[in-house]
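Quick one, what's the 3D model for this:
(2 chains)
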Amino acid sequence: MPASNDLCDKTGPPGTIYNRVVVSHLRLVSPPAPRLNADDACLDAFQKELDYVYRTLRRLGTAPSEVDDLAQEVFLALRRCWADYDSSRPLRPFLFGISFRIASAYERKRRREVAFGVVEVGDAGPGPDDALQSKQARALVLAALDRIPLPRRAVLVMHDIDDVPVSEVASILDIPLFTVYSRLRKARRELESAIRRFLKEADSR
Amino acid sequence: MSRSQPPLLPEVRALLDHEREIQPLPATVRARALARAHAAVVAGGRAAAPTPAPRTRWAAAAVFCLLSVAVGASAYQIRAHLATPPSQPPTPTPVPPPPSVRSAPIAQVVPEAPGPAPTPPALSRADAARAELRLLRQARAAVAREDYAAALRPIAEHTRQFKDGRLTEEREALRVKALAGLGRGEDARRAASAFRARFPRSVLLPAVNQMSPSGR
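As a prediction, the model looks like this:
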């Protein structure tokens, strides 16, 4: 496996010493080379999938105030890993893998800094009935997803929302197939339970 | 464990189907994110070239650790060296000067700053984001073709129109890059120092440090 793959697999939280060392290290050891169009291809891909990256980060529990920064982290990581991307395959699962690692690092940091986080469901807002219902439905899904531990949530989002086959989920998340099935089963139970609870609370108000 | 999964409840399935459709981002958010990505490409130079020879994860990790230690040791030596400057007179803290002060190095970024420029009309948020993005695209394109003097013009214009705009962080990173590219080392160091002070947690900080490593 190329060394750059290792670095792609170990994306640290934003602004950490680890990341700085990785970035500095890459720049120090990179030989001068003519400008490649890989940057343009990477920018183009990021631009096309920007909506997806933002939504994926939100589904993986990133707070709205942090999404901009983490999306930038995703782009930087994508750029580092671009040579490893097989362009004959769909880009979204690849982006999901990067987003998941960055979101995981972010969650670890958040857990250290905020012992008892508050679930943010800030998506609902005033508007026509349909739009409001749509926003509320999205907010409900995000809030319910937020109740599922990240490793299981990632499997559920990839398979049940992004329609990625389980074999590819296993490959992207680097876990055994058996683990994908067991996480998916448990995550679905947790999701249903959270949604039922939220709906019951809404009915009782 | 069986691979057959219990089906989701119909109402939960419906919610997930609804969630599957991804709403487009607001234009301002999109413009900001893309400008940051563009700026990162410029500020960070070229993407790392892939290592051609395959190696095992452990070997790569070992090499990485060794290099990290080497980088860390070098950084320590540089810092130690910088920490003992040979009887350097105290320099005043660089304060971002107004654009019209010709003696301040960063202000020289604005070579043909118009004097009493009329205040631009108030723009809507989307228009402002587009205008910011347009200016920084110009700067980025100029930096990409290594025409650093040309890059400073849109940077100065952005500073004039959007002093504390949404893309200020990217603008200042581009400024460091352009000044360093022009060989104005002291100006680049001042700009990098101001950048570090203003954006201590910026994701562009490693790139800025790389461009002007001895800024502090």
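
what about the helices in chain A?
A:3-9, A:17-29, A:38-48, A:50-59, A:64-81, A:91-113, A:129-145, A:150-156, A:166-173, A:177-204 (DSSP state H).

which parts of the last one are buried?
Across helix A:177-204, burial judged by 16 or more other CB atoms under 10 Å in any protein chain shown covers A:179-181, A:183-185, A:187-188, A:190-192, A:194-195, A:198. Where you see a C-beta, it was placed from the backbone N, CA and C, and this is true even at glycine.

Give me the neighbour count for B:Lys177.
30 (other CB atoms under 10 Å in any protein chain shown).

What is the strand or helix carrying it packed up against?
For B:Lys177, the host element (DSSP states H and E) is helix B:168-181. Helix B:168-181 sits against helix B:27-44, helix B:125-144, helix B:148-161, helix B:185-198, helix B:205-211, with contacts defined as 3 or more CB pairs under 8 Å, 6 or more residues apart in numbering or on different chains; DSSP states H and E.

Quick one: closest of these to B:Glu170.
Closest of the helices and strands packed on helix B:168-181 to B:Glu170 is helix B:27-44, at 3.4 Å (criterion: CB to CB).

Give the other helices and strands that the closest one contacts.
Going by 3+ CB pairs under 8 Å, 6+ apart, helix B:27-44 lies up against helix A:38-48, helix A:50-59, helix A:64-81, helix B:125-144, helix B:168-181, helix B:205-211.

now the angle between helix B:168-181 and it, please.
20 degrees (axes from the mean of the first three to the mean of the last three CA atoms, to 10 degrees).

low-scoring stretches of the chain, by residue?
In the absence of a named chain, this looks at chain A. For chain A, the stretches with pLDDT under 70 are A:1-36, A:112-132, A:205.

wrong one, chain B
B:1-4, B:44-123, B:213-216.

circling back: direction-wise, compare the helix holding B:Lys177 with helix A:64-81 and give the angle.
Orientation check (the same axes, to 10 degrees): helix B:168-181 against helix A:64-81 gives 40 degrees.

quick one, what contacts B:Pro26?
Contact analysis of B:Pro26 by CB atoms under 8 Å, 6 or more residues apart in numbering or on different chains lists B:Ala126.

Ramachandran coordinates for it?
phi -60, psi 150 (degrees, to the nearest 10).

Check the gap between it and B:Val41 for me.
23 Å (CB to CB, to the nearest Å).

Same check on A:Leu91?
To B:Val41, A:Leu91 is 18 Å away according to CB to CB.

The two: which has the busier surroundings?
Just comparing A:Leu91 and B:Val41: by other CB under 10 Å the higher neighbour count belongs to B:Val41, 23 against 16.

before we move on, back to that, of the helices of chain A, which approaches B:Asp147 most closely?
With CB to CB as the criterion, B:Asp147 lies closest to helix A:38-48 of those, at 17.7 Å.

For the closest one, which helices and strands make contact with it?
Looks like helix A:38-48 contacts helix A:64-81, helix B:27-44 (3+ CB pairs under 8 Å, 6+ apart).

All good on my end, thank you.
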